[in-house]
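Chemist: Structure of the sequence below:
(2 chains)
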Amino acid sequence: MSEPLPPFQAPTGTHDVLGPDSALWEGLVGTFAQRAYRYGFSLVMTPIFEDVGVFTRGIGEESDVFRNEMYVFSDRGERRYALRPEGTASVVRAFVQHQPTTPWKAWYVTPAFRYERPQAGRYRQHYQLGAEVLGTEDPTVDVEVIALAHGFFREIGLTRVRLLVNSMGHTACRASYVELLSEYLAEHQDELVDEHREGWRLNPLRVLDCKNESCVAVTAKGPMLVDHLCAECRDHFDQVLAGLSALGIESTLAPRLVRGFDYYSRTTFEFVADALDAAQNAVGGGGRYDTLAEQLGGKPTSGIGFGSGVERVLLARAAEGIVTPLLKRSLDVFVVDTTGDVGVARLVEDLRSAGVATERAYDQRSMKAQMKVADKSGARWALLIGPEELAAGEVTMKDLRSEDFNQAQSRVARSEIVSTVQELLTK
RNA sequence: GUGGGCGUAGCUCAGUUGGUUAGAGCGCCAGGUUGUGGUCCUGGAGGCCGCGGGUUCGACCCCCGUCGCUCACCCCA
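Modeler: Residues are numbered from 1 along each chain as shown, chains lettered A, B, ... in the order given. Next up, the predicted model:
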């Protein structure tokens, strides 16, 4: 007699979001959308999969994301596609394709996919909120993008989030730095962890990001990129830092901050949630990319953007003990009907059409049962319709938030119920 | 890809040295007389004890495998 176990469940590393959790998601996305709008951004939507090249060009073929974590597949036409591992590349591809007037400011919310073992704050499908600005290298924009992210984190209640900033320099000055770093690493390679002792030549910058103690000991004494920027990059970075402090946004210089994608140049930043003791404590990050548009076949166009992981933001909120809802919404009325009269469906429809959030009970349950559901629904008022009301052309309206259970109700004519509720709601 | 922990009702979890009808709380459903919600009382539904194999007279319990979840390494949002 028992039902068989469900044969399907959400794939490893993915998850469903249902109410009441989904209200947090809705609130988070809504908050970000409104903030982005205030900053002059408009929504951009791009396909969830792209030609593999869109991602490999920018992210870098040596990056871990590309090498091991991409969801790559061929369609029936033997075209090679990949599910997007991050948001920026697709947006830049769209920019190159459509050539909107610059500066172009776009925000997005999208799932992102990476094939890796899931753990706290890391999933195979997660969601990112992000924003990009293309067509200007003005450091003012770097500051604006960071301010957008910073303000967003504050608005949703996060207080224990630190901003780390660094500059990667532009292509030429980074190249000369990498040479310098390589020389240094060559002298000290015996002191690095096994993984880097042989592998550092592939991507010397990666070593800076290593958290292993012995690697940290080596790189701490080595040359730092910020100390070897060319005059222009140095000036650009100084303007970003000055802009941030002018806005009262605290930041920490993180000379070892090297982000995972190869396309970054000049400004890079990361928001770290100290409330998260999990290994995954970066709730957002981004930076400037001066060559990505070109790599994707467009005219040389500088851009900057950031992305933030929704799941991690929610984890950070929970870790900080924030319980205030991001979305305040509740039902206005709950219709209780024991007659089954079709006119009740009409009443419900009239209320909803008039902008009144209305729910009702189904399956002709007892009045007591319906009232229990009404109570749990959180509705402000219950509208009761029994045989008596039906005959009289009236509705009993009951205040569900009144302390006094039996007195808080009155009879209202059916023809006036919609306007009565509307009037009460505007008070 | 590598390692640790865990899989018992919708949810959170008990389950005594393996012993026969597997429990609690919450949730859900129905009642507590005549049409009315938060508390209370009563009753009820709901479990291939993740799956497969093994040991045993007997397995939720022990062993092996498998799948899933979870945490960490790596890397990242």
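
Chemist: average pLDDT for stretch A:181-200?
Modeler: For stretch A:181-200, the mean per-residue pLDDT is 78.

Chemist: actually stretch A:257-277, not the one I typed
Modeler: 87.

Chemist: Please put the alpha-carbon coordinates of it into PDB.
Modeler: Provided in PDB are the C-alpha atoms of stretch A:257-277 (Å, rounded to 0.1, in the frame of the first residue of the first chain):
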ATOM      1  CA  LEU A 257      44.600  38.600  -4.000                       C
ATOM      2  CA  VAL A 258      44.600  36.800  -7.300                       C
ATOM      3  CA  ARG A 259      41.300  35.900  -8.600                       C
ATOM      4  CA  GLY A 260      40.500  32.700 -10.500                       C
ATOM      5  CA  PHE A 261      40.000  34.000 -14.000                       C
ATOM      6  CA  ASP A 262      42.800  35.100 -16.200                       C
ATOM      7  CA  TYR A 263      40.900  38.000 -17.700                       C
ATOM      8  CA  TYR A 264      41.400  40.400 -14.900                       C
ATOM      9  CA  SER A 265      43.600  43.400 -15.200                       C
ATOM     10  CA  ARG A 266      44.000  46.400 -12.900                       C
ATOM     11  CA  THR A 267      41.400  46.600 -10.200                       C
ATOM     12  CA  THR A 268      40.400  43.300  -8.500                       C
ATOM     13  CA  PHE A 269      38.400  42.900  -5.400                       C
ATOM     14  CA  GLU A 270      36.700  40.500  -3.200                       C
ATOM     15  CA  PHE A 271      34.100  40.600  -0.400                       C
ATOM     16  CA  VAL A 272      34.800  38.200   2.400                       C
ATOM     17  CA  ALA A 273      32.200  37.300   5.000                       C
ATOM     18  CA  ASP A 274      33.900  36.900   8.400                       C
ATOM     19  CA  ALA A 275      30.700  35.300   9.800                       C
ATOM     20  CA  LEU A 276      31.300  32.300   7.600                       C
ATOM     21  CA  ASP A 277      33.800  29.900   9.200                       C
END
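
Chemist: Would you mark the buried spots in it?
Modeler: A:257-273, A:275-276 (16 or more other CB atoms under 10 Å). In this view, the C-beta of every residue, glycine as well, is placed from N, C-alpha and C.

Chemist: And RNA strand B, is that stretch touching that?
Modeler: Yes - for stretch A:257-277, a contact with RNA strand B is found by CB under 7 Å from any atom of the strand, at A:259, A:260, A:261, A:270.

Chemist: Give me the secondary structure label for residue A:258.
Modeler: Assigned with DSSP: H, G, I helix; E, B strand; the rest coil, residue A:258 falls in the coil class.

Chemist: I should have written residue A:78 there, sorry.
Modeler: Assignment for residue A:78 (three-state DSSP): coil.

Chemist: What helix or strand is residue A:350 located in?
Modeler: Here residue A:350 is covered by helix A:342-353, with elements defined by DSSP states H and E.

Chemist: Report the rounded mean pLDDT for that helix.
Modeler: 96.

Chemist: Packing partners of the helix or strand following it?
Modeler: Per DSSP H and E, the first helix or strand lying C-terminal to helix A:342-353 is strand A:358-360. Where contact means 3 or more CB pairs under 8 Å, 6 or more residues apart in numbering; DSSP states H and E, strand A:358-360 is packed against strand A:333-337, helix A:342-353.

Chemist: rewinding a little: does the helix holding residue A:350 come close to RNA strand B?
Modeler: No - using CB under 7 Å from any atom of the strand, helix A:342-353 stays clear of RNA strand B, coming no nearer than 11.9 Å.

Chemist: just the angle between that helix and strand A:333-337, please?
Modeler: For helix A:342-353 against strand A:333-337, the angle by axes from the mean of the first three to the mean of the last three CA atoms, to 10 degrees is 180 degrees.

Chemist: Which positions within helix A:342-353 qualify as buried?
Modeler: For helix A:342-353, burial by neighbour count (16+ other CB under 10 Å) applies to A:344, A:347, A:348, A:351.

Chemist: ok, back up a step: sort out for me which of the buried residues of stretch A:257-277 are in helices.
Modeler: In helices, defined here by DSSP state H, there are no members of the buried residues of stretch A:257-277.

Chemist: Any idea how far stretch A:283-301 is from the middle of the chain?
Modeler: Distance of stretch A:283-301 from the chain centroid (CA atoms, centre = their mean, to the nearest Å) equals 20 Å.

Chemist: Please name the residues that touch residue A:58.
Modeler: Contacts for residue A:58 (CB atoms under 8 Å, 6 or more residues apart in numbering) come out as A:88, A:89, A:92, A:261, A:262, A:263, A:289, A:292, A:295, A:296.

Chemist: how far away is it from residue A:289?
Modeler: Here the criterion is CB to CB, to the nearest Å. By it, residue A:58 lies 7 Å from residue A:289.

Chemist: hey, what's in contact with both of these two?
Modeler: Common neighbours of residue A:58 and residue A:289 (CB under 8 Å, 6+ apart) are A:88, A:92, A:263.

Chemist: State the pLDDT value of the second one.
Modeler: With respect to pLDDT, residue A:92 scores 96.

Chemist: Count residues in the vicinity of the closest residue to residue A:75 other than its chain neighbours, would you?
Modeler: Distances taken as CB to CB, 6 or more residues apart in numbering put residue A:81 closest to residue A:75, at 6.2 Å, once the chain neighbours are dropped. Residues lying near residue A:81 (other CB atoms under 10 Å) number 19.

Chemist: contacting residues for residue A:81?
Modeler: Residue A:81 touches A:49, A:50, A:51, A:52, A:72, A:73, A:74, A:75, counting by CB under 8 Å, 6+ apart.

Chemist: Would you tell me what helix or strand it is located in?
Modeler: strand A:80-83.

Chemist: Is any residue of that strand near RNA strand B?
Modeler: No - residues of strand A:80-83 are not located near RNA strand B by CB under 7 Å from any atom of the strand, the shortest gap being 12.5 Å.

Chemist: Is any residue of the next helix or strand after that strand near RNA strand B?
Modeler: For strand A:80-83, the following helix or strand on the C-terminal side (DSSP H and E) is helix A:88-98. No - using CB under 7 Å from any atom of the strand, helix A:88-98 never reaches RNA strand B; the gap is at least 8.3 Å.

Chemist: Counting by contacts, list what helix A:88-98 packs against.
Modeler: For helix A:88-98, the packing partners by 3+ CB pairs under 8 Å, 6+ apart are strand A:49-51, helix A:52-59, strand A:104-113, strand A:125-134, strand A:282-289, helix A:292-295, strand A:303-309.

Chemist: so residue A:90 touches residue A:45, yeah?
Modeler: No - applying CB atoms under 8 Å, one finds residue A:90 not in contact with residue A:45, separated by 9.6 Å.
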